[in-house]
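J.: I'd like to go over a predicted model; first the sequence, then the structure.
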Amino acid sequence: MKITFPHFGHTGVALETLFSKYGVECIVPPQSNKRTLSLGVKYSPEGICLPYKVLLGNMIEGLELGADTVIDVGGPGLCRLGYYAKLHESVLRNMGFDFQMLVFDWQEQGIISLARFIRDLIAPHTPWRQVIADIRFGLFGQLVLMDELEKRVHWVRAREVDKGAASAIWRTAPGRVAAARDAASLKKVRQDLFAELDALPRNDEARPLKVALLGEFFVAIDPFSNMDLEEELGKRGVEVNRAAYLMNWAKAWLFLEAVGLGHGHKVKRAANPYLKRDVSGDAMQSVGEIILHHKEDYDGIVHVLPFTCLPEIVAQNVFPKVTHDYQIPVLSLIFDEQMGRAGFLTRIEAFVDLMERRRWQRAS
């Protein structure tokens, strides 16, 4: 078996380690780039969203490198994510690829479903205790560390003297974390990476603008899809607090939903006066988080969504009422393959100027 998977946040870090433990050859596609998107656009239905195109491009590149098995995600719900796997498989077979498609339903029985998926896939004769231990190491070891590091990078970027230094360290993190195969080596990697970030020269007197990054999950966490939005904001002295992190999502859906506790009740209560029913995707969170972040004295909100994403379009249409009531500026950025970088940077710079003026006016 030669297995590949699309890039979805930092999941590849844990999957690469897990597969290697069981002797499965893992073919990691190149990091998403212009060719990835071009392939995805070329073979995608008209009007489909950017995440679908990028994920399809990842799979094509993995199959080109010799993979014979593809992991994809599926599930129920109103968002088109539930249809991705069927459409991806149909397109790839029409292109002439011969492969096995393995689909993980992320909403079915949560962590139990994940454990069964991994065991049936690569370790049918491995004791359940070992499978659970390996999943725990990937989720609560490697992926938690990646999220912690990313949050620290956001904090350092807004204060560093040499712009880009924190990002340079961050780019080495996936390979170093994936290479750690046990708790002791992972602890050493954690200490080294945090020490390198803390050693960077920074302006401790800086009072950076605070921005919350909300919106569609994939575009929010994928730097290629959002054109390195977080890094660009950091260069301009803005500290980013992103609502969407992979382990936040995993804890909610793989654990809380599995035992019927639900997730995001605080967000839903905040959003309820403006959006009374869940329209799928991350729309409810996008509305609710604006209100919660206003109470935490944020300077502004950046909302990201892929073109044609219906749940986020619904949320976007609620924003004028929310921003009027809470007096907090929101910048909505819609991403697809046609978006130009020059216009994107101009909008970011104008929004940063707006937040700086607003802070000055409030202080005076």
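T.: Structure received.
J.: pLDDT weak spots in this protein?
T.: 75-78, 106-113, 249-264 (pLDDT under 70).
J.: Geometric centre of it: which residue is closest?
T.: residue 221 (2.6 Å; C-alpha atoms, centre = their mean).
J.: what helix or strand is the residue nearest to that residue when sequence neighbours are not counted on?
T.: Closest residue in space to residue 221, ignoring its immediate chain neighbours: residue 9 at 4.7 Å, by C-beta to C-beta, 6 or more residues apart in numbering. C-beta here means a position set from N, CA and C on the backbone, and glycine is covered the same way. Assigned by DSSP states H and E, residue 9 belongs to no helix or strand.
J.: I'd like the distance between the residue nearest to the centre of the chain and residue 10.
T.: Residue 221 sits 9 Å away from residue 10, going by C-beta to C-beta, to the nearest Å.
J.: Please, which helix or strand holds residue 197?
T.: helix 183-198.
J.: Show the subsequent helix or strand relative to that helix.
T.: That would be, after helix 183-198 and using DSSP H and E, strand 209-215.
J.: For residue 221 and residue 10, list the residues in contact with both.
T.: Residues touching both residue 221 and residue 10 (C-beta atoms under 8 Å, 6 or more residues apart in numbering) are residue 246.
J.: quick check: domain ranges of the protein?
T.: What automatic domain parsing lists as the domains of the chain is 2-125, 127-157+159-206, 208-364.
J.: picking that back up, quick check: buried residues in the helix holding residue 197?
T.: Of the residues in helix 183-198, 186, 189-190, 193, 196-197 count as buried by neighbour count, 16 or more other C-beta atoms under 10 Å.
J.: list the contacts for the residue nearest to residue 221?
T.: 221-222, 246 are the contacts of residue 9 under C-beta under 8 Å, 6+ apart.
J.: Need phi/psi at the residue nearest to the centre of the chain.
T.: phi -100, psi -10 (degrees, to the nearest 10).
J.: thinking it is in contact with residue 247, fair?
T.: No: counting by C-beta atoms under 8 Å, residue 221 does not reach residue 247; the two are 11.1 Å apart.
J.: residue ranges for the helices of the stretch 151-300 of the chain, please.
T.: 165-178, 183-198, 217-221, 229-235, 246-250, 265-271, 283-295 (DSSP state H, counting those that start in this stretch).
J.: For residue 52, find the nearest of these.
T.: Residue 52 lies closest to helix 217-221 among the helices of the stretch 151-300 of the chain, at 9.3 Å (C-beta to C-beta).
J.: And that closest one, what does it pack against?
T.: helix 50-64, strand 300-306 (3 or more C-beta pairs under 8 Å, 6 or more residues apart in numbering; DSSP states H and E).
J.: can you list contacts of that helix?
T.: Helix 217-221 has contacts (C-beta under 8 Å, 6+ apart) with 8-9, 50-51, 54, 213-214, 225-226, 242-246, 249, 281-282, 304-306, 335.
J.: Can you list the buried residues in that helix?
T.: Residues 217-221 are the ones in helix 217-221 that count as buried (16+ other C-beta under 10 Å).
J.: Of those, just say which sits nearest to residue 136.
T.: Of these, the one sitting nearest to residue 136 (C-beta to C-beta) turns out to be residue 221, at 21.9 Å.
J.: measure that closest one to residue 312 for me?
T.: Per C-beta to C-beta, residue 221 is found 14 Å from residue 312.
J.: Contact partners for residue 223?
T.: 229-231.
J.: do residue 172 as well
T.: For residue 172, the contact set (C-beta under 8 Å, 6+ apart) comprises residue 193.
J.: Could you tell me how far it is located from residue 26?
T.: Distance of residue 172 to residue 26, computed by C-beta to C-beta: 20 Å.
J.: now do residue 220
T.: Residue 220 is 26 Å from residue 26, where distance means C-beta to C-beta.
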